[in-house]
Each structure stands twice: as C-alpha cells, then as structure tokens.
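Colleague: turn this into a structure:
(one chain, ligands or ions: 3)
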Amino acid sequence: SSSPSSAVLQTLFQYINDHQNEFVQRLGEWVAVKSDSSNQALWGEVRKSLNMTSDRIQAMGGQVEFAEVGTKQLPNGESVALPPVILAQFKRDPSKPTVCFYGHTDVQPAKKEDGWSTDPYTLTEINGNLYGRGATDNKGPVLAWLHAVETYQGTKQEMPVNIKIIVEGMEEVGSDGLAELIRQRNDSFFSDVDYIVISDNVWVSRHPALTYGTRGSSYFFVEVEGPKLDLHSGVFGGSIQEPMTDLIALLGSLLDNTGKILVPGLNDAVAPLTEEEKKLYEDIHFDLDEMKKTAGVKRFLQDNKEGILMARWRYPSLSIHGIEGAFSDPGSKTVIPRRVIGKFSIRQVPNMEPAVVETQVKKHLEEVFAKQKSPNTLKVTTTVGAKPWMANVNDVPYVAGRKAVKAVFGEEPELIREGSTIPIANNFQEVTGKSTMMLPISGHDDGEHSQNEKISRYNFIEGTKLFAAFFHELAQLQKDS
Ligand SMILES: NCC(=O)N[C@@H](Cc1c[nH]cn1)C(=O)O
Ligand SMILES: [Zn+2]
Ligand SMILES: [Zn+2]
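Modeller: Ligands and ions are numbered 1, 2, ... in the order given. Have a look, this model is predicted:
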C-alpha cells in the first residue's frame, strides 16, 4: 500500500538491497576470525571478534563498554580472565521504547578436515548460500541487527526506538559470567530496557517464524581414572579393569535405542502434554523427508512430524559427544588408556530443574559404577546448567514481530519452539523481568554446529529488513496504544 508507514519501510528495504554486497563482505570479515570459545588458546580470536563488533557499533555513534566478567578455572588449576561482554547503547530518547538485542560472536570448533566442502573461515557464496563457521550462529544475525540500525542512519530516518546491545563471546560454552553481570547491572543498564530480543535460532521450514521456547542444557564430564600410565594391551589386557570398559558401561546406561533417557526420575518432571498443545503441532510446516535428506539419516526415531517436533521442543534428550583420552586417530594402536572422560549433555524442558537433573544423573552413574566393582576412580562434573525458557506470544514484541514478518515476507509467522539452548535467555527473563523474545532469521537447513554451516543471502538480507521493520512496528504499537 502507499501509507506513510509502508513508504518508510520501502525506503529502508531499498537501502538494504542497495548495500547487500557490502553487508555480505562484512560478514566475510567476521567469519574469518576463528573465535572458537571451546578452545582457550583461541580466546584471543574471541576478543578480536568482540573488538570488531565494538568498532562497528562505535562507527555508528554507539557507546561501548567492555564489561569484565571474571575468570575461569582451567582443569590444571590455573585461572584465566574470561573474554569481556559488550554492553552498548545509542543516544536515548525517553519518549521511545528501548530494545536491547543480545547475540554472540563466538563459534563452535571447525576444521576443513572435519568434512567441510570449503574453508570454514572463508565465507564462500555458492548458489545463494554463504558458507562459513558462524555465518548463521550467530555472526550473521548480530551483523544484521547492526546493519538494521545503520540503515536508519543511512536513509537519514530517525531511529523509532532506543537501542541497547549485549554481545558476548562465551555463549557456545555456557555464557560464563554473563548471568552474574545481568544481576549486577539489573538496576543500571537494564533499568530502562523494555524488550530483550535474541536472534540465535532457526526457522523449522522455509516459512519465517517467531520462537517462544527453548530447551535448557546441562553438560556432563564423566571421568574414569585407572593405571598411572597408558598400558600395553598385550601385557595388561585381561588382568586389569580398564577405565574405558567402565566408561562404556556408564555411557551405555544413559539411554535406550528409542532415545528414552534411563536416568531414574528424570522424565517425571516433564510438563504433561495437553490436548491444546497437541493441536499446535498440526499446523507447523515441517518436511520430514527434506529433514532426513539435510541430515543424511535413514529414519528418525519418531515416524511423524508431530512426534519429531515434540522430541525436539518439549521432551528432554541426551546426546553423547565424545571421549577425551581415548585413542581416536586413524590406524590401530593397541593401548589401554589410563584415564578417559566421557562427555554428554541433557537438553531440558519445562518443568525440569538443572540442579535436580544433576543430582539424579550423578546418583545414577555412581550406582552403575558400583555394579562394575571397579578399582578405578569415578568423577562426575557438570557445566552450563541452563534452564529452559518460555515466552508469552501475546507480549508486545511478538505483536510487533508478527507485523514485521508480514511486512517483509508477506505472510504470518509460524509460532515455534527451539530444541537448542540460549543459556542466558531464562536469566534475562527471570532477573530483569523484561519481556524477552526470539526473532530468528536463520534457515531450517543452515546446519548450526555442523560441517558446511551457512546462511542464505536471502535470509541474511531479508532478515536485516525484518529487524529494521521490527523497530518501526514496535514504535508504531507504542504510538497506537
Ligand atoms: N545457537 C545457540 C546454541 O547453539 N547454543 C548452544 C549452547 C550450549 C548448550 N550447552 C552448551 N552450550 C547449544 O548447544 O544449544
Ligand atoms: Zn548461537
Ligand atoms: Zn551455537
């Protein structure tokens, strides 16, 4: 239509179309930084990615504070300073609502030899897709937010909302120190924030979506230690209890072949399924066969859309990620590893409590270990401990989000939940009491954490328009109320 509102949006959208190559080039510069937070040796790169974010914000006239969030104790006992968290803001107009967006510039590990088709740290465009580690999780969306702000400046239109920004570099390993920072700044940085918005998750189909729930997560390390050094299996095999044998028994006791978690009591807390909730799954677009192809699996544990969505969104899951200390190179080595650490995580759903889950898992592992009658020692430790998060889809930002999706994509958004975890989401809501929403721009087949992670040029650019439109719609709602 030709309303003043749509004229504003058209001007913004035109600017974004005209500057898309510049925006993509900038994403390439960001992806080139190996900001893998799981590897402490790369925290310098994490800091570099935060500096680049800060430079961009300052170039637009924003004020940046690098908030220190303490130290992390390494397994060798040494304490190292954590990368800081960016708290940024632009000049404030008290008559306008204040939106604070949160994102992260750290990434999951990636090596070309893991099976990437292109170099993970060289953003490569193939058939409209921009491949690179962090392209979609979460550098692309963070840049899209900044480009949306830049678009208002570039078109000389007044920002319709006040902007605050939080960007961290430790999200992928559990957001160390951030929960405490939120508590400390609740009466200062957060006092004038109206809405917190996160864009760190994916749609479930080609249709745009708003997300109203994420699962929580606890990460477990199960260490079994035996001999004082690795031993020859021809000499000691058969006469000692091997740490790896104990560990396999422990890991094998965690879930069955239907995906059911076998830790006693763990499933009891899960919120019961109501008829009303059941109906919600029917209307979600989700192509089971396409998903099978994307993931390269022969079948899922559930045989219908509803079952798969429920397994992803509203039931807990347990995944085994790796064994540190085990021989894992190509070739054969006839060794008995002296110490092995199994790593697994449990995704948690309403009404589960990470602290309760941790107690249940530890008790279960100790019981299984006792049955092993092993002379080895067992140690179980945990990290992350993130609660699930749920929002009210009638809150103001969801109303604005719906309008913005309609303006950019010409359709209503799907209301979805997310199987992965934004560790800090629940803290934002519980500590600040501010309405927290998730507004994803990443595609259902972007392969977060996988080989060949990507964001499509379409999602990156239309996503930038979505954020620009979101600011506009949020301000319109305030004016209309
Ligand atoms: N894009 C969000 C994301 O991938 N978050 C991580 C956070 C996490 C959970 N446990 C350890 N890290 C995720 O795996 O969900
Ligand atoms: Zn992420
Ligand atoms: Zn991630």
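Colleague: what does the model give the nearest residue to Thr432 once chain neighbours are set aside for pLDDT?
Modeller: Spatially, and ignoring its direct neighbours in sequence, Thr432 is nearest to Phe190 (4.6 Å; CB to CB, 6 or more residues apart in numbering). For the C-beta atoms, the positions are set from N, CA and C on the backbone; glycine is no exception. On pLDDT, Phe190 comes in at 98.
Colleague: for Gly77, same thing?
Modeller: Gly77 is given a pLDDT of 85.
Colleague: from now on call the first residue 10
Modeller: Got it, the first residue is 10 from now on, which makes the last one we talked about Gly86.
Colleague: what count of nearby residues applies to it?
Modeller: Residues within reach of Gly86, counting by other CB atoms under 10 Å, total 6.
Colleague: and the stretch 310-459 of the chain, which residues reach ligand 1?
Modeller: Ser354, Val393, Ser429, Thr430, Ile431, Pro432, Glu457 (CB under 6 Å from any ligand atom).
Colleague: who's in contact with the second one?
Modeller: Neighbouring residues of Val393 by CB atoms under 8 Å, 6 or more residues apart in numbering: Val182, Gly183, Ser226, Ser227, Tyr228, Ser354, Pro363, Thr430, Pro432.
Colleague: 10 Å instead, please
Modeller: Contacts here follow CB atoms under 10 Å, 6 or more residues apart in numbering; on that basis Val393 touches 182-185, 225-229, 354-355, 363, 430, 432.
Colleague: what about those, which are in helices?
Modeller: Taking DSSP state H, the ones among the contacts of Val393 that sit in helices are Pro363.
Colleague: as JSON lines, the contacts of Val393 with distance to Met61 and neighbour count would be great.
Modeller: Below are these laid out as JSON lines (distance: CB to CB, whole Å; neighbours: other CB atoms under 10 Å):
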{"residue": "Val182", "distance to Met61": "20", "neighbour count": "19"}
{"residue": "Gly183", "distance to Met61": "23", "neighbour count": "20"}
{"residue": "Ser184", "distance to Met61": "20", "neighbour count": "27"}
{"residue": "Asp185", "distance to Met61": "21", "neighbour count": "22"}
{"residue": "Gly225", "distance to Met61": "30", "neighbour count": "25"}
{"residue": "Ser226", "distance to Met61": "28", "neighbour count": "25"}
{"residue": "Ser227", "distance to Met61": "32", "neighbour count": "24"}
{"residue": "Tyr228", "distance to Met61": "28", "neighbour count": "18"}
{"residue": "Phe229", "distance to Met61": "34", "neighbour count": "24"}
{"residue": "Ser354", "distance to Met61": "30", "neighbour count": "18"}
{"residue": "Ile355", "distance to Met61": "34", "neighbour count": "27"}
{"residue": "Pro363", "distance to Met61": "33", "neighbour count": "19"}
{"residue": "Thr430", "distance to Met61": "25", "neighbour count": "27"}
{"residue": "Pro432", "distance to Met61": "23", "neighbour count": "25"}
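Colleague: pretty sure Thr391 is in a helix, no?
Modeller: No. Thr391: not assigned to a helix; according to DSSP: H, G, I helix; E, B strand; the rest coil it is strand.
Colleague: tell me where the stretch 110-259 of the chain has strands.
Modeller: Under the criterion DSSP state E, counting those that start in this stretch, the stretch 110-259 of the chain contains strands at 133-135, 138-140, 171-177, 204-207, 218-223, 225-234, 240-241.
Colleague: flag every residue of the stretch 160-309 of the chain that's near ligand 1.
Modeller: Residues of the stretch 160-309 of the chain lying near ligand 1 (CB under 6 Å from any ligand atom): Glu181, Gly183, Asp209, Ser226, Tyr228.
Colleague: look up the pLDDT of Gly419 for me, please.
Modeller: So Gly419 comes in at 97 (pLDDT).
Colleague: stretch 337-356: how far from the chain's middle?
Modeller: From the chain centre to the centre of stretch 337-356 is a distance of 26 Å (CA atoms, centre = their mean, to the nearest Å).
Colleague: buried stuff in that stretch?
Modeller: Buried residues in stretch 337-356, defined by neighbour count with 16 or more other CB atoms under 10 Å: Ile345, Pro346, Arg347, Arg348, Val349, Ile350, Gly351, Lys352, Phe353, Ser354, Ile355, Arg356.
Colleague: how about stretch 110-122?
Modeller: Phe110, Tyr111, Gly112, His113, Thr114, Asp115, Val116, Gln117, Ala119.
Colleague: take the residues of the stretch 160-309 of the chain next to ligand 1 and write them to TSV, including pLDDT and distance to ligand 2.
Modeller: Shown next, in TSV, are those (pLDDT from 0 to 100; distance: CB to the ion, whole Å):
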residue	pLDDT	distance to ligand 2
Glu181	95	7
Gly183	90	12
Asp209	97	4
Ser226	97	12
Tyr228	97	15
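Colleague: what parts of the stretch 110-259 of the chain come near ligand 2?
Modeller: Asp146, Asn147, Asp209 (CB under 5 Å from the ion).
Colleague: so what's the last one up against?
Modeller: Taking CB under 10 Å, 6+ apart, we find Asp209 in contact with 111-113, 145-147, 150-151, 180, 220, 223, 427, 429-431, 433-434, 447-451, 457.
Colleague: got a pLDDT number for Ser11?
Modeller: At Ser11, the predicted lDDT confidence score is 53.
Colleague: ditto for the one 3 residues further on
Modeller: pLDDT, Ser14: 78.
Colleague: in which helix or strand does the nearest residue to it once chain neighbours are set aside reside?
Modeller: Nearest residue to Ser14 in three dimensions, chain neighbours excluded: Gln485, at 6.6 Å (CB to CB, 6+ apart). Using DSSP states H and E, the secondary-structure element containing Gln485 is helix 466-489.
Colleague: model confidence over that helix, on average?
Modeller: Mean predicted lDDT for helix 466-489 stands at 96.
Colleague: do the same with stretch 134-145
Modeller: 98.
Colleague: end to end, how far does it reach?
Modeller: 13 Å (CA to CA, to the nearest Å).
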